[in-house]
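A.B. asks: quick one: sequence and predicted model below, then my questions.
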Amino acid sequence: MEFKKQTVYQIYPKSFNDSNGDGLGDLKGVTDKLLYLKELGIDYIWLTPFFVSPQNDNGYDVADYRNIDPRYGTMEDAENLISEAGKLGIGIMLDMVFNHTSTEHEWFKKAMEGDPKYMDYYIFRDPKPDGSAPTNWVSKFGGNAWEYVPKFNKYYLHLFDKTQADLNWENPQVREELKDILKFWQNKGVKGFRFDVVNLISKPDAFEDDFEGDGRRFYTDGIRVHQYLKELCRDSGLNENGMVTVGEMSSTTIDNCIRYSNPEEKELSMCFSFHHLKVDYKNGNKWELQPCDFMALKNLLNKWQIGMEEGNGWNALFWCNHDQPRVLSRFGDDKNYPTESAEMLATMIHLMRGTPYVYQGEEIGMTNAYFEDISQYKDVESLNYFKILKDEGIPEDEVYEILRCRSRDNSRTPMQWDNSENAGFTTGTPWIEVNKNYKTINADNAVKNKNSVFHYYKKLIALRKENDVIAYGSYKPEMEDNTNVFAYSREYEGKKLFVVCNFYGTETKISLPDEFVGKEILISNYKDAKAEKEVTLRPFETFAVIK
Ligand code: GLC
């Protein structure tokens, strides 16, 4: 269970580093930056998809799982990256998008030629008697989740974009195909996999309208999902081969995540869940803004920590990824306390029970994009919702404000390497604009300055390796009623850790439990932190005491 001491770094290759000046990041660009990642101290790199794809969803629409999209490089570049990373002790994790394929995939093309074998790889259904879609389910990217094919007088299911057709996991041949893909990549030397929206793979036996919601209750953590995952992992040897695996679990439950990640179930190593990232969704709706509900956030994080521990499950710990806005802009204060709040947020999750994930640029305090015009946005979801929200009658300036907070493009602006043109990301024209703040916020500055967010992340990553209490300790919520402070303790074989995080930019008083008074400060984001009985926490102050 080495992954309990390890940290994963997520790379969105398109926006990481461009080696050939075409404005798109590529695999060689990743290889060129391995030493930077080594210095940070991470153990795995999860790369989002770089397989052949029309890029309607930036690679999450895969047309060929065994070949590299020429925009990202060649198979040789991929093999070279795997081996160079390996030499530095860094494992490569690939992103497997197995809920759906691109409609450009040869399976789907054959299905569209009417080949019954391949039609059964997907989910084609007859219209309702009035000709409308088989169900009223809503696509995650907006609109109905079914696309009509006139020549068959049938619809196919797409839970995401209409160019992302859902695979029919009921068909054993589909499952065999997917196992072969996993074997293919294991033979190339990868060390793990992230499985995209993998709790959506098992669809119900009968398709019916959802009169309570958007349809998700019928296919989320679906009836045969555990059976399919067990079979996939067993037959492709993932556990025997020591692969680290993480499933992206959309709208899931603790009970299901325990089953997905408890080693006895022989499914995955760990799960991403997202409830803690909906605490600023008004009425649970991503496209309605409200300030962060801090008490809800506390309760959710505590509930998942305790619940997963009780069931011997394992959490992936994260704030940021390529689908989320930057946490520093979201829950921190990127204007007045960029360093303090970035470090507080990092401490909060890195010292919890689980495996931390760092999303590219998070470790140097990158912020939201703050785009002002729709022409700057590239993401299919953002573009769809710009239209949907305006059609709902929301004034355009409000729609812009929503996108500035919620768009997935916030995290997709190019990695800021240095203060040269285009932040050193490309010598060409970047596919998406570089954030204007790159002259100050960049990796070059961050590495040189020993007091930077980068060095703080480096320390957190190292502490997990050095302290068993962080990796293996039990979790206990502390100061549960405090409306400003998030606190918890950990315990393992007689060692104890106490973590305090002031979530706000104002001072607040706490009193430390007696047993920690005068003990060693393991890490803190203000230099002179002391483990005193009565402490006035400064804006976004955090520290951990160990005994
Ligand atoms: C996951 C990915 C996201 C993608 C979607 C469809 O949520 O993280 O980027 O758009 O799945 O594949």
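C.D. replies: Looks like it came in fine. The model shown is predicted, which means the values in this text are computed figures rather than measured ones. Numbers count the residues shown, from 1 in each chain.

A.B. asks: any idea how many residues pack against the residue of the stretch 1-150 of the chain found nearest the ligand?
C.D. replies: For the stretch 1-150 of the chain, the residue positioned closest to the ligand under Cβ to the nearest ligand atom is residue 60, at a distance of 3.4 Å. Quick note: C-beta positions are derived from backbone N, CA and C, even for glycine. A count of neighbours around residue 60, defined by other Cβ atoms under 10 Å, yields 24.

A.B. asks: need the three-state assignment for it.
C.D. replies: With DSSP: H, G, I helix; E, B strand; the rest coil as the basis, the three-state label of residue 60 is coil.

A.B. asks: per-residue confidence at the closest residue to it other than its chain neighbours?
C.D. replies: Beyond its immediate neighbours in the sequence, the residue positioned closest to residue 60 (Cβ to Cβ, 6 or more residues apart in numbering) is residue 97, lying 5.3 Å away. Each residue has a pLDDT score; the one for residue 97 is 98.

A.B. asks: residue 1 now?
C.D. replies: Confidence at residue 1, expressed as pLDDT, is 61.

A.B. asks: correct me if wrong: residue 237 contacts residue 187.
C.D. replies: No - between residue 237 and residue 187 there is no contact, the gap being 10.7 Å when judged by Cβ atoms under 8 Å.

A.B. asks: phi, psi of residue 289?
C.D. replies: The main-chain torsion angles of residue 289 are listed as degrees, to the nearest 10 and equal phi -90, psi 140.

A.B. asks: next one: it from residue 376, what distance?
C.D. replies: For residue 289, the distance to residue 376 equals 20 Å [Cβ to Cβ, to the nearest Å].

A.B. asks: and what of residue 3?
C.D. replies: On the measure of Cβ to Cβ, residue 3 and residue 376 end up 38 Å apart.

A.B. asks: show me which positions of stretch 122-140 end up buried.
C.D. replies: 122, 123, 124, 133, 134, 135, 136, 137, 138, 139, 140 (16 or more other Cβ atoms under 10 Å).

A.B. asks: so the last one, which state does it fall into?
C.D. replies: Okay, so that is residue 140. Reducing the assignment at residue 140 to three states with three-state DSSP gives coil.

A.B. asks: repeat that for residue 246.
C.D. replies: Residue 246 carries the three-state label strand when classified by three-state DSSP.

A.B. asks: surely it touches residue 269?
C.D. replies: Yes - under the criterion of Cβ under 8 Å, residue 246 lies in contact with residue 269, with a separation of 6.3 Å.

A.B. asks: ok, back up a step: residue 3 and residue 376: which has the busier surroundings?
C.D. replies: Using other Cβ under 10 Å as the criterion, residue 3 and residue 376 rank with residue 3 on top: 22 against 16.

A.B. asks: ramachandran angles for the more buried one?
C.D. replies: Per-residue torsions, residue 3: phi -60, psi -10 (degrees, to the nearest 10).

A.B. asks: so what's it up against?
C.D. replies: Applying Cβ atoms under 8 Å, 6 or more residues apart in numbering, one finds that residue 3 lies in contact with 43, 244, 269, 270, 314, 355.

A.B. asks: cool, residue 365 as well?
C.D. replies: Neighbouring residues of residue 365 by Cβ under 8 Å, 6+ apart: 328, 334, 338, 339, 342, 441, 446, 452, 453.

A.B. asks: need the pLDDT of it.
C.D. replies: pLDDT, read off for residue 365, is 98.

A.B. asks: what does residue 407 give?
C.D. replies: Value for residue 407, per-residue pLDDT: 98.

A.B. asks: ok, now residue 122?
C.D. replies: Reported pLDDT for residue 122: 99.

A.B. asks: what of the one 5 residues further on?
C.D. replies: As summarised for this prediction, residue 127 has a pLDDT of 98.

A.B. asks: go ahead and confirm it touches residue 154.
C.D. replies: Yes - between residue 127 and residue 154 there is a contact at 7.4 Å, judged by Cβ under 8 Å.

A.B. asks: quick check: neighbours shared by the two?
C.D. replies: The contact sets of residue 127 and residue 154 overlap at residue 148 (Cβ under 8 Å, 6+ apart).

A.B. asks: residues contacting residue 361?
C.D. replies: Residue 361 sits in contact with 326, 411, 415, 416, where contact means Cβ under 8 Å, 6+ apart.

A.B. asks: mind checking the backbone torsions on it?
C.D. replies: The phi/psi pair for residue 361 (degrees, to the nearest 10) is phi 90, psi -20.

A.B. asks: flag the shaky bits of this structure, pLDDT-wise.
C.D. replies: Across the chain, residues meeting the criterion (pLDDT under 70) sit at 1.

A.B. asks: show me which residues of it sit near the ligand.
C.D. replies: 57, 60, 97, 160, 196, 197, 248, 322, 323 (Cβ under 6 Å from any ligand atom).

A.B. asks: now list the buried members of the contacts of residue 365.
C.D. replies: Buried positions within the contacts of residue 365, assessed by neighbour count (16+ other Cβ under 10 Å), are 328, 334, 338, 339, 342, 441, 446, 452, 453.

A.B. asks: which ones among those are found in helices?
C.D. replies: Judged by DSSP state H, helices contain the following of those: 328, 338, 339, 342, 446, 453.

A.B. asks: same drill for residue 237 and residue 187, tell me which one is more crowded.
C.D. replies: Neighbours of residue 237 and residue 187, each counted by other Cβ under 10 Å, are more numerous for residue 237; the result is 14 against 8.

A.B. asks: ok so, going back, from memory the residue of the stretch 1-150 of the chain closest to the ligand sits against residue 159, does it?
C.D. replies: No - with contact defined as Cβ under 8 Å, residue 60 does not count as touching residue 159 (11.7 Å).

A.B. asks: per-domain residue ranges of the chain.
C.D. replies: 2-100+172-368+436-460, 106-166, 474-546 (automatic domain parsing).

A.B. asks: winner for burial among those domains?
C.D. replies: Each of the domains of the chain was assessed for mean neighbour count using mean count of other Cβ atoms under 10 Å. The highest is domain 2-100+172-368+436-460, with a mean of 20.

A.B. asks: can you give me how far that domain is from the chain middle?
C.D. replies: 4 Å (Cα atoms, centre = their mean, to the nearest Å).

A.B. asks: which residues are contacting stretch 84-96?
C.D. replies: With contacts defined as Cβ under 8 Å, 6+ apart, stretch 84-96 is touched by 8, 31, 34-35, 37-38, 42-49, 65, 81-82, 178, 181-182, 185, 189-196, 244, 246.

A.B. asks: so which of those belong to helices?
C.D. replies: Among the contacts of stretch 84-96, the members found in helices (DSSP H) are 31, 34, 35, 37, 38, 81, 82, 178, 181, 182, 185.

A.B. asks: from residue 45, how far off is the first one?
C.D. replies: The one in question is residue 31. 11 Å.

A.B. asks: can you check the second one too?
C.D. replies: As judged by Cβ to Cβ, residue 34 and residue 45 stand 8 Å apart.

A.B. asks: ranges for the strands of the stretch 201-350 of the chain?
C.D. replies: For the stretch 201-350 of the chain, strands defined by DSSP state E, counting those that start in this stretch occupy the ranges 244-248, 270-272, 281-282, 285-289, 316-317.

A.B. asks: lovely, talk soon.
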